[in-house]
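Q: Structure, please.
(one chain, ligands or ions: 2)
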Amino acid sequence: MLVLGIESSCDETSAAVVSDGARILSNVVASQIALHRPYGGVVPELASRHHLELINTVVTDALREAGVTLDQIEGVAATCGPGLASSLLIGLTFGKALALARNLPFIGINHMEAHLISPWLSAGRAFEPNVSLIVSGGHTMLVHVRAISDHTVLGQTTDDAAGEAFDKVAKLLGLGYPGGPEVEKAAHDGNPTAIPFPRGKLNDPDFDFSFSGIKTSVLYWLRKWEQKEMADGRWQMAASGSPPSAFDAPRPTLPAQTLNDLCASFQQAVVDVLVGKAIAAALAMRVRFVTVSGGVACNGALRDQLAAACRRHGIELLMADRKLCTDNAGMIAGLGWHKLQAGLRSPLDLDAQPNLRLG
Ligand code: KG4
Ligand code: ZN
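A: Residues are numbered from 1 along each chain as shown. Ligands and ions are numbered 1, 2, ... in the order given. Next up, the predicted model:
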């Protein structure tokens, strides 16, 4: 069965074709990162307008790259939530219209549920029960996945998502957008033990996360550093007469090594929590596999340290390829294939559900 998948929940317009066994034949992703960069975050109105401009071309490219025509497509899957309402609407409406016009079965897909299967699509392996860590700009959660479409959320962030913390800290440090890759770049030459940032909730018995404390600690550490700089006469007060304190206020430039050490220490604190909680959840659920996906799963330190921790505990680790970590339609088409094969269908009046939850 050839399934066309469409994803437009945030700032990536994507279309993919999968064949039998949810094998990915094409996975075209048009990223809008450059468009939103000047604003330091995703601007919903801009995202929506660009989804509309790109969707036709992206779907056409996905069909061409897969070497198939629209006539050969046997089912359509599109993300229906969670995400930005105005972004979701574009891909979902396109998918439903295509299904209606071609008289094809249609299924609406929960974007987070699709993240759960992306490591398996990536590895081309048959699904097995696992604990899945989803770490992105909007979500940080641990999920016990017993089978496809049979899962329980074990815990999630009670405040900021891990990627959000990376983005906010990068902004605070005057680094670019998105913040994760910039912080990782700086951290590469830094000392991860230089500053002991807190490991929020690491030793709590539950599987929830909290990253706003680490982010605030970085802000306080910077303030203290600024005050010391001023006391030593190396940096002048801002024009207003008081040092900038808001997250987006202008700041003095940190020496390169200090910036690198700060990024490495922050990254290490986040990675310690993600790795510690993922391993604890896998041991508690007695699963053989841990899987990981979402934009933050592109982080090299997280990948390396999670791999080492899993090895120590005799757990098998499946990480989605970087392209399948970030938002893409391959995972939407893949999950869509499984659901359509199982006979599931969504009505064509299915609405976008910006706050759709998992499970
Ligand atoms: O999954 P994703 O592409 O979009 C959603 O949020 O749904 O994730 C984007 C997030 C951003 O917060 C970005 O800063 C973070 O993933 N990210 C990273 C890295 N690459 C992307 N965080 C840490 N290290 C990275 N290398
Ligand atoms: Zn996502």
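
Q: out of everything not next to it in sequence, what's closest to the residue of the stretch 51-200 of the chain found nearest ligand 1?
A: Nearest residue of the stretch 51-200 of the chain to ligand 1 (Cβ to the nearest ligand atom) works out as residue 180 at 2.1 Å. To be clear about C-beta, it is placed using only N, CA and C from the backbone, and glycine gets the same treatment. Closest residue to residue 180 in three dimensions, ignoring its sequence neighbours and counting by Cβ to Cβ, 6 or more residues apart in numbering: residue 166, at 4.1 Å.

Q: Okay, and residue 86 sits in which element?
A: According to DSSP states H and E, residue 86 maps onto helix 85-102.

Q: Which neighbours in the sheet does whichever helix or strand comes after that helix have, and how are they oriented?
A: Moving toward the C-terminus from helix 85-102, the first helix or strand encountered (DSSP H and E) is strand 106-110. The sheet places strand 106-110 alongside strand 75-81 (parallel), with pairing taken from DSSP bridges.

Q: residues in this protein within reach of ligand 2, list them.
A: On the criterion Cβ under 5 Å from the ion, ligand 2 has as its neighbours in the chain the residues 136, 327.

Q: Quickly note the distance from the residue nearest the centre of the chain to residue 313.
A: By Cα atoms, centre = their mean, the chain has its centre lying nearest to residue 136, at 2.5 Å. Taking Cβ to Cβ, to the nearest Å as the measure, residue 136 falls 25 Å from residue 313.

Q: Please list all residues in contact with the residue in the stretch 101-250 of the chain that ligand 2 sits nearest to.
A: Among all residues of the stretch 101-250 of the chain, residue 136 sits closest to ligand 2, at 4.6 Å; criterion: Cβ to the ion. For residue 136, the contacting residues are 115, 161, 162, 163, 294, 295, 296, 326, 327, by Cβ atoms under 8 Å, 6 or more residues apart in numbering.

Q: Does the third one touch residue 135 like I think?
A: Yes - with contact defined as Cβ atoms under 8 Å, residue 162 reaches residue 135; the gap is 4.8 Å.

Q: who touches the lowest-mean-pLDDT helix or strand in the chain?
A: The element with the least model confidence among the helices and strands of the chain, by mean pLDDT, DSSP states H and E, is helix 33-36, at a mean of 84. The set of residues external to helix 33-36 that reach it, using Cβ under 8 Å, 6+ apart, is 11, 42, 43, 46, 47, 50, 177, 178.

Q: Nearest residue to the last one in space, ignoring adjacent ones along the chain?
A: Taking Cβ to Cβ, 6+ apart, and ignoring the residues beside it in sequence, residue 178 has residue 167 as its nearest neighbour in space, at 5.9 Å.

Q: now swap in the fourth one and tell me
A: In space, not counting the residues next to it along the chain, residue 46 is nearest to residue 35; the distance is 6.1 Å by Cβ to Cβ, 6+ apart.

Q: neighbours around that neighbour, how many?
A: Close neighbours of residue 35, defined as other Cβ atoms under 10 Å, add up to 15.

Q: contacts for the helix or strand containing residue 133?
A: Under the criterion of DSSP H and E, residue 133 resides in strand 130-135. The set of residues external to strand 130-135 that reach it, using Cβ under 8 Å, 6+ apart, is 112, 115-116, 119, 140-145, 151, 154, 161-163, 274, 277-278, 281-282, 285, 287-297, 302, 306, 318.

Q: Break this structure down into its structural domains.
A: What the record gives for the chain is the domain set 2-123+324-341, 130-287, from automatic domain parsing.

Q: just to revisit the earlier point, what about the residue of the stretch 51-200 of the chain closest to ligand 1, neighbour count?
A: Using other Cβ under 10 Å, residue 180 is surrounded by 27 other residues.
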